[in-house]
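K.L.:
Need a 3D model of the sequence below.
(chains A and B)
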2 protein chains.
Amino acid sequence: MVRIACCQLTPEVDDPRGSAARAREAIGDAIAAGAQVIVLPELAPCGYIFRSREEARAVAEPADGPLLASWASEAARGDAVVIGGFCELAPDGRLFNSAALVDPTGVRAVYRKLHLWNEELLWFERGEDPAPVVATRHGRIGLAVCYDIEFLELTRGLGLAGAEIIAVPTNWPHQDPPAGERPIVKSLAISTAYLNHVIVALCDRGGAERGVRFQGASVIAGGDGAVLAESAPGAATEMLVADGDVAATRDKRLGARNDAFADRRYEHYSAGLLGAAPHPGA
Amino acid sequence: MVRIACCQLTPEVDDPRGSAARAREAIGDAIAAGAQVIVLPELAPCGYIFRSREEARAVAEPADGPLLASWASEAARGDAVVIGGFCELAPDGRLFNSAALVDPTGVRAVYRKLHLWNEELLWFERGEDPAPVVATRHGRIGLAVCYDIEFLELTRGLGLAGAEIIAVPTNWPHQDPPAGERPIVKSLAISTAYLNHVIVALCDRGGAERGVRFQGASVIAGGDGAVLAESAPGAATEMLVADGDVAATRDKRLGARNDAFADRRYEHYSAGLLGAAPHPGA
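P.N.:
Numbering: from 1, shown residues only, chains lettered A, B, ... in the order given. All right, here's what the predicted structure looks like:
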């Protein structure tokens, strides 16, 4: 079993220094709770609702800079793996909405979000590399960020690439769910876990920023689709902790005769999955 | 708006004549309720829990035989489209777990289930053709059967091929959902609708057969993922009727800058989606 924490926070775009400090402290709190895999929200150390590209640039950090080094130092206190979002300043000066995976040895992977949401398109470049799966001491961890969860091609690809845990730093703008229903982002995380037999640890942010309210819909779902932990409705900050059965995710069998991956009939799926133009009416 | 009905029934493998009659009657009932698109369960006219291939063969029907002709006659009473599962006897003698789409002109499409579940593998051959999308008077309708819903590649492919409604004849064996949760099959139908901006009309069966209990988890979900109608927990037979906004499914936009289909970054998805071997650990 691997102990997983999602640290739902309330970053403040007007207080990046405080936001970064709270993200770092949250790593320490999760380690104190015994967490081995720790997930932070998207853009956790800097906030989300930028007003200009310059504002984003002012808080951008290189992947080899002090921000991620500080996460690695925190991770080293507990032999933990930390996944969190940050505003990445690339060596060529471009900005990306990225997620890093760090462990006590340093930065293991940086994933640049492939599917940018709304105004992110104004501040960031779209990623150009597939979402990675990283072999860690605590399991093979696939990375995705927020809106990526709506692209089942991406999450299925992580499952096929051997991900046992999919970590999803998220900033989900608030939408009222229908009465009695979970926010859609939680339901998507749960379905993704069930369909791929992987653990999904989706860490959302809560609170509001410059008039935009966020969902605060963090969830940890097991490889059978069971909800292991989820945020309370309306919670701004909350630390979810759950023990996930990583070994079980490697077994894709369903009863005596079926297998979620081996049963795929890929020779009969639409070529559109990998790029042919959709139907004109679609 | 298109009026959609899911006719949740309780076929009886020991009474195929009665089962077929009830399926036909259900079409009439749905037309009386104003339904334009009518979905029946998987293997509705013959039941599911076979004990031998011979038993399945005894109730198999050719696609050009009297069974589907009778559905077309019923459909003609209301200018309706009917989608339902049946045990198909192919011209070459093989058996398939198929779904037919018929309208007043006759049989428009037969889809042979690509992903067979458990003992179906003993009685049926796996389909060899992609799941189709059929242009009808009441919208473009994609076909899938039961366990197919777990293969998001198939349902996404239907969306990309222009499906506005995905009809899913189903026989879902009962599993106790966690307290307060929907049966997983309903959640998958809802996620599929949301992610592809299509209406999903999943018609399950209820009741029990030879000791196997079924879920009775029919649901009609709108293209925004809203539940338009769903079966009562534990219901054996029930007719769901809902009006679906087919035109809205053609608009895949999400706010000002996003589009569920156009935002796909297919050049960066795993080649495993269309067949490369999964990671050895997966």
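
K.L.:
which stretch of helix or strand covers the closest residue to residue A:106 other than its chain neighbours?
P.N.:
Leaving aside its sequence neighbours, residue A:106 sits nearest to residue A:72 (CB to CB, 6 or more residues apart in numbering or on different chains; 5.0 Å). For the C-beta atoms, the positions are set from N, CA and C on the backbone; glycine is no exception. Following DSSP states H and E, one finds residue A:72 within helix A:66-76.

K.L.:
From the chain's centroid, how far away is the following helix or strand past that helix?
P.N.:
Next along the chain after helix A:66-76, taking DSSP H and E as the criterion, comes strand A:81-89. Centroid separation between strand A:81-89 and its chain, computed with CA atoms, centre = their mean, to the nearest Å, is 10 Å.

K.L.:
Mind listing what's buried along strand A:81-89?
P.N.:
Residues of strand A:81-89 classed as buried under the neighbour-count rule (16 or more other CB atoms under 10 Å in any protein chain shown) are A:81-89.

K.L.:
Widest-spaced pair of those?
P.N.:
Farthest apart among the buried residues of strand A:81-89 by CB to CB are A:81 and A:89. That separation is 23.3 Å.

K.L.:
Tell me the confidence at the residue nearest to residue A:106?
P.N.:
The model reports residue A:72 with a pLDDT of 98.

K.L.:
Test my guess that it contacts residue A:101.
P.N.:
No. With contact defined as CB atoms under 8 Å, residue A:72 does not count as touching residue A:101 (10.3 Å).

K.L.:
quick one on the thing from earlier: residues in contact with the helix holding residue A:72?
P.N.:
Outside helix A:66-76, the residues within contact range by CB atoms under 8 Å, 6 or more residues apart in numbering or on different chains are A:20, A:23-24, A:27-28, A:31, A:38, A:45, A:61, A:80-82, A:84, A:86, A:100, A:102-107.

K.L.:
ok, now with 7 Å
P.N.:
A:20, A:24, A:27-28, A:45, A:61, A:81-82, A:84, A:86, A:100, A:102-104, A:106-107 (CB atoms under 7 Å, 6 or more residues apart in numbering or on different chains).

K.L.:
picking that back up, who has more neighbours, residue A:72 and residue A:101?
P.N.:
Between residue A:72 and residue A:101, counting by other CB atoms under 10 Å in any protein chain shown, residue A:101 is the more crowded of the two (26 against 20).

K.L.:
how about the helices in the stretch 151-282 of chain A?
P.N.:
Here the stretch 151-282 of chain A has its helices, by DSSP state H, counting those that start in this stretch, at A:152-160, A:184-196, A:246-249.

K.L.:
Any buried residues in the last one, and which?
P.N.:
This points to helix A:246-249. A:246, A:249.

K.L.:
Send me it as CSV with only the CA atoms.
P.N.:
Output of helix A:246-249 as CSV, limited to C-alpha atoms (Å, rounded to 0.1, in the frame of the first residue of the first chain):
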residue,chain,number,x,y,z
VAL,A,246,-0.6,0.1,-6.1
ALA,A,247,0.1,-3.6,-6.7
ALA,A,248,-3.5,-4.3,-7.5
THR,A,249,-3.5,-1.7,-10.3
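
K.L.:
how about low-confidence regions in the stretch 151-282 of chain A?
P.N.:
Counting by pLDDT under 70, the stretch 151-282 of chain A contains low-confidence residues at A:276-278, A:280-282.
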